[in-house]
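A.B. asks: Okay, here's the prediction I keep looking at, along with the sequence it came from:
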Amino acid sequence: MGGPTPDGLTEGLNDHLCRMRGTDHSPPRCAALYGKLGEHIQCGIYEFRPSPCKEFEAGSAACLQARQRHHIASH
Ligand code: SF4
C-alpha cells in the first residue's frame, strides 16, 4: 500500500489498512518472523517492518504481557 513493507508479506483489510500475513492464523504468526519462539527469533524485514511494529516498545507493559502469555521469561 505504498509503504516500505514488502507487499507479498501483507494482505489488505480495506482501502486503508493491511496486516501482516499470518497474523490472523490460529495461533498467529507473522510471515516475516524467523526462528523459534523462546530460543532465537527475529524479524526478517526489520528495517522495513510496518509502523505498528516500530511503535511497539521492547520492555513495555504490552511487551511484558505478550512475553507472559507465551511463557517467555522477561529480562
Ligand atoms: S516486527 Fe517483523 S516479525 Fe514482528 S510482527 Fe512486525 S513485521 Fe512481523
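C.D. replies: That came through, no problem. Numbers count the residues shown, from 1 in each chain.
A.B. asks: Let me see the contact set for the nearest residue to residue 5 once chain neighbours are set aside.
C.D. replies: Setting aside the residues directly before and after it, residue 5 is nearest to residue 50 in space (CB to CB, 6 or more residues apart in numbering), at 4.8 Å. Where you see a C-beta, it was placed from the backbone N, CA and C, and this is true even at glycine. Taking CB atoms under 8 Å, 6 or more residues apart in numbering as the criterion, residue 50 is in contact with 3, 5, 10, 20.
A.B. asks: what secondary structure does the second one sit in?
C.D. replies: Secondary structure for residue 5, judged by DSSP: H, G, I helix; E, B strand; the rest coil, is coil.
A.B. asks: mind listing what's buried in stretch 41-59?
C.D. replies: For stretch 41-59, burial by neighbour count (16 or more other CB atoms under 10 Å) applies to 45, 49, 50.
A.B. asks: In terms of helices and strands, where is the most centrally placed residue in the chain?
C.D. replies: Closest residue to the average C-alpha location of the chain: residue 30 at 5.4 Å, with CA atoms, centre = their mean. For residue 30, there is no helix or strand it lies in under DSSP states H and E.
A.B. asks: these two touch, right, it and residue 23?
C.D. replies: Yes. Residue 30 is within contact range of residue 23, at 5.5 Å (criterion: CB atoms under 8 Å).
A.B. asks: quick one on the thing from earlier: tell me the contacts of the residue nearest to the centre of the chain?
C.D. replies: 20, 21, 22, 23, 43.
A.B. asks: repeat that with 6 Å
C.D. replies: Residues near residue 30 by CB atoms under 6 Å, 6 or more residues apart in numbering: 20, 22, 23.
A.B. asks: Please name the residues that touch the closest residue in space to residue 31 that isn't next to it in sequence.
C.D. replies: Among residues not flanking residue 31 along the chain, residue 21 sits closest, at 3.9 Å (CB to CB, 6+ apart). Counting by CB under 6 Å, 6+ apart, residue 21 makes contact with 9, 11, 31.
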